[in-house]
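Student: One predicted model, sequence on top.
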Amino acid sequence: MVTRRVLVTGCSSGIGLAVATRLAKDELRRFKVVATMRDLGKRGPLEKAAGDSLNKTLEIKELDACCETSIKKCINSLPNRRVDILVNNAGVGMIGPLECQSIDAMKELFDTNFFGLVRLVKEVLPDMKQQYSGHIVVMSSVMGIQGLLFNDVYSASKFAVEGFCESLALSVRTTLVEPGPVVTEFERKMYEAAEKMDLSGTDEETARIFKELYLPYSKKIFMSLSQTPEEVAEQTFKVITAKDPPLRHQTNRLYMPMTALKHADPTGRLPLDTFYKMIFKHDHVFNATLGVLRILQRRAGKK
């Protein structure tokens, strides 16, 4: 059996860590995982999670997706520069009223979420073409399918990722993994910062909606629909080991009705009107729906 080399980015925590260790612990030992991170000083949790697979089916290397020199150095350190599967996971988030976000912060987000992916693909694609093989797996988001209030810039970066990968799929096997809410330390810190953010740059009504409606709404969504990084990793593992991997794969079936609204109405009005009514007019229906979804989530977990 041929062992495939998988390079995974953003492995210091969360989804990247879970994907790297899941692949490294494959019972059939089909993968040699190169787990990368920008700061090797944060490798402790990955080493612990890797266990016996460390330095056997998993090795840790430094890679900064925002630095072409760092990417090239990492790829050049691999035997024959061979990367059979690239799992692009490194990313950053941003939530809050648009008026309160700086252009510099938006550029930094795009530099990681979009251009980080582009830099990596540019480096591995020529070799994949030459080898007539390769699989590029990109951690996208349901927000790359459907925009969400107060997630303007983050959603825009994921829309860019989706368009890039859909075009790329004509040249090399490509899969967009699209999680919904995922409970990670990264997400927790982002929402803690959002609760303390300076809202003086926007009007009082927008600030009120963000504080009193959006943040509580988001917490309810996370409580009802969220997945663990390990659940997303398992879905990613299935995509990578599939005989014919799809272009897109949503990891959370309970979130699918929300994204399905977009495709149900070509005018785009249906999802906008539905979200508006659920949040601003019929919050009791919204809460009841989340209650049903929580029950379905628990039942699915028992199977």
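Tutor: Good, I have the coordinates.
Student: From Leu86, how far out is the spatially most central residue of the chain?
Tutor: Among the residues of the chain, the one closest to the centroid is Met139, at 3.9 Å (Cα atoms, centre = their mean). The gap separating Met139 from Leu86 is 11 Å, by Cβ to Cβ, to the nearest Å. Yep, even glycine has a C-beta here, placed from its N, CA and C like the rest.
Student: what do you get for Leu98?
Tutor: Going from Leu98 to Leu86 by Cβ to Cβ gives 32 Å.
Student: With Leu270 instead?
Tutor: Per Cβ to Cβ, Leu270 is found 36 Å from Leu86.
Student: Comparing those two, which residue is more hemmed in?
Tutor: When neighbours are counted by other Cβ atoms under 10 Å, Leu86 comes out ahead of the other of Leu270 and Leu86, with 27 against 15.
Student: which residue packs closest to the residue nearest to the centre of the chain, ignoring adjacent ones?
Tutor: Asn89 (4.4 Å; Cβ to Cβ, 6 or more residues apart in numbering).
Student: Look up phi and psi at that neighbour.
Tutor: Backbone geometry at Asn89, expressed as degrees, to the nearest 10, gives phi -120, psi -20.
Student: Against Arg248, how distant is it?
Tutor: Note on Asn89: its distance to Arg248, by Cβ to Cβ, is 16 Å.
Student: Looking at the two, which is more packed in?
Tutor: Set side by side, Asn89 and Arg248 show more neighbours around Asn89, with 26 against 17, by other Cβ under 10 Å.
Student: For the residue nearest to the centre of the chain, name its beta-bridge partners.
Tutor: Val177 (DSSP bridges).
Student: wait, it sits on Val177?
Tutor: Yes. The pair formed by Met139 and Val177 meets the contact definition of Cβ atoms under 8 Å, at 5.4 Å.
Student: Do a quick rundown of the helices in the stretch 201-303 of the chain.
Tutor: Counting by DSSP state H, counting those that start in this stretch, the stretch 201-303 of the chain has these helices, from start to end: 204-208, 215-225, 229-241, 256-264, 269-276, 283-302.
Student: May I have the shortest one as PDB, with CA atoms only?
Tutor: What follows is helix 204-208 as a C-alpha-only set of coordinates in PDB (Å, rounded to 0.1, in the frame of the first residue of the first chain):
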ATOM      1  CA  GLU A 204     -26.500  53.200  18.800                       C
ATOM      2  CA  GLU A 205     -29.100  51.000  17.100                       C
ATOM      3  CA  THR A 206     -26.500  48.800  15.300                       C
ATOM      4  CA  ALA A 207     -24.500  48.500  18.600                       C
ATOM      5  CA  ARG A 208     -27.700  47.400  20.400                       C
END
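Student: Of all the residues in that helix, which ones are buried?
Tutor: Buried residues in helix 204-208, defined by neighbour count with 16 or more other Cβ atoms under 10 Å: Thr206, Ala207.
Student: Please list the residues outside it that contact it.
Tutor: Residues outside helix 204-208 that contact it (Cβ atoms under 8 Å, 6 or more residues apart in numbering) are Pro97, Glu99, Leu199.
Student: out of the residues you listed, who's nearest Val124?
Tutor: Distances from the contacts of helix 204-208 to Val124 were compared by Cβ to Cβ; the smallest belongs to Pro97, at 37.7 Å.
Student: For the buried ones among the contacts of helix 204-208, write the corresponding ChimeraX selection.
Tutor: Buried members of the contacts of helix 204-208, identified by 16+ other Cβ under 10 Å, are gathered into one ChimeraX selection as follows:
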select :97,199
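Student: ok, the contacts of helix 204-208 vs Lys25, which is closest?
Tutor: For the contacts of helix 204-208, the closest approach to Lys25 (Cβ to Cβ) belongs to Pro97, at 42.7 Å.
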